[in-house]
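J.: can you look at this prediction? I've put the sequence above it.
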Amino acid sequence: MSRFLNLSAPAILLASAFGADGPLSEAQTPAGRAPEVCQAAAVLRNGFTLQYLRREVAGPATRLWLCGDAGAGYAEIFSEQIDRFEESRSAGPLAPAAPASVPEASASGALPVADPFQNLIASAASRYQIDPDFVTSVVKAESGFNSTAVSPKGAQGLMQLMPETAAKLGVENVLDPATNLGAGTKYLRQLLDQFDGDSVKALAAYNAGPQRVEQYGGVPPYRGTRDYVTRIIDDYNRKKLQQQTHSPAAPPGQ
């Protein structure tokens, strides 16, 4: 059996799109009416989180109208798979989540982007049998794709390896992108195996340490860790939803 990590199937059952009854974009918003913003999040029983504009019941499913950066339209999820709904902490539009350590701007003032590292991420993900989109979401949260990022606690590089973790993994040049991604993905694979493929616990362990996850029997009650886990799974889930939305329909009979 393959250990390749696939997180999307249990969470998103149907991505529907995307006709005239979808939420208005900012350009379509009538004069005098403020654009819609994310009001809440649905927390699923498997640990996934989906932020949404509004919700409605559709038979045995709950229809969640998605936020603007996830694409116009909605996702339908069996209501029994939703653990709870949470109100957004902010009354305004959701801004991109800040990475664990803030990346420095380049000389031009622009932040680094993911593209230069996609091949390296894909290679490391394939080697350790993890969905590359999942690794990309971790890198985004950890460093914002800044290969020279160093946190106040000493975590370094794209996957913010702590010195002791890097040493255990045999890393010599922790700021080398390929080395950092390879070691960080290997460590993530080890955590997934340690926690029986539970991505939520593995992410919590990556952030707070496996001993804390063992201590609390799950995600530790640290707001920073909980936000970190939610941020990564939400980003990953949105990627998968967008891929399903934009994938071409199979020809009839197939």
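T.: Arrived safely.
J.: buried ones in the helix or strand hosting L120?
T.: Assigned by DSSP states H and E, L120 falls within helix 118-127. Across helix 118-127, burial judged by 16 or more other CB atoms under 10 Å covers L120, I121, A124, A125. Any C-beta I mention is one placed from the backbone N, CA and C, and that applies to glycine too.
J.: mind listing what G157 touches?
T.: S143, S147, T148, A149, V174, L175, D176, P177, N180, G184 (CB atoms under 8 Å, 6 or more residues apart in numbering).
J.: ranges for the helices of the stretch 101-250 of the chain?
T.: Applying DSSP state H, counting those that start in this stretch to the stretch 101-250 of the chain gives helices spanning 118-127, 132-143, 163-168, 177-194, 199-208, 210-216, 223-246.
J.: rank those by pLDDT, which is bottom?
T.: Sorting those by mean pLDDT places helix 223-246 lowest, at a mean of 87.
J.: can you pull the buried residues of that helix?
T.: Quick answer for helix 223-246 (16+ other CB under 10 Å): 225, 227-241, 245.
J.: hmm, back to that, check which helices and strands the helix holding L120 sits against.
T.: Secondary-structure packing of helix 118-127 (3 or more CB pairs under 8 Å, 6 or more residues apart in numbering; DSSP states H and E): helix 132-143, helix 177-194.
J.: and L64, that one's in a strand?
T.: Yes - counting by DSSP: H, G, I helix; E, B strand; the rest coil, one finds L64 located in a strand.
J.: wouldn't it be in contact with R55 here?
T.: Yes - taking CB atoms under 8 Å as the definition, L64 is a contact partner of R55 at 5.2 Å.
J.: which residues do these two both contact?
T.: Going by CB under 8 Å, 6+ apart, residues that sit against L64 and also against R55 are A42.
J.: could you check which of those two has the larger neighbour count?
T.: Using other CB atoms under 10 Å, the more surrounded residue of L64 and R55 is L64, with 25 against 19.
J.: on that earlier part again, okay if I get the buried residues of helix 118-127 as CSV plus distance to A42?
T.: As requested, the buried residues of helix 118-127 are exported to CSV (distance: CB to CB, whole Å):
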residue, distance to A42
L120, 34
I121, 28
A124, 31
A125, 27
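J.: among those, which pair sits farthest apart?
T.: The span of the buried residues of helix 118-127, defined through CB to CB, is set by L120 and A125 at 9.5 Å.
J.: Q160: how many residues sit nearby?
T.: 27.
J.: quick check: the closest residue to it other than its chain neighbours vs L169, distance?
T.: With CB to CB, 6 or more residues apart in numbering as the criterion, Q160 has its nearest non-adjacent residue at 4.2 Å, and that residue is E142. Plainly put, E142 is 15 Å away from L169 if you go by CB to CB, to the nearest Å.
J.: and what of Q243?
T.: 31 Å.
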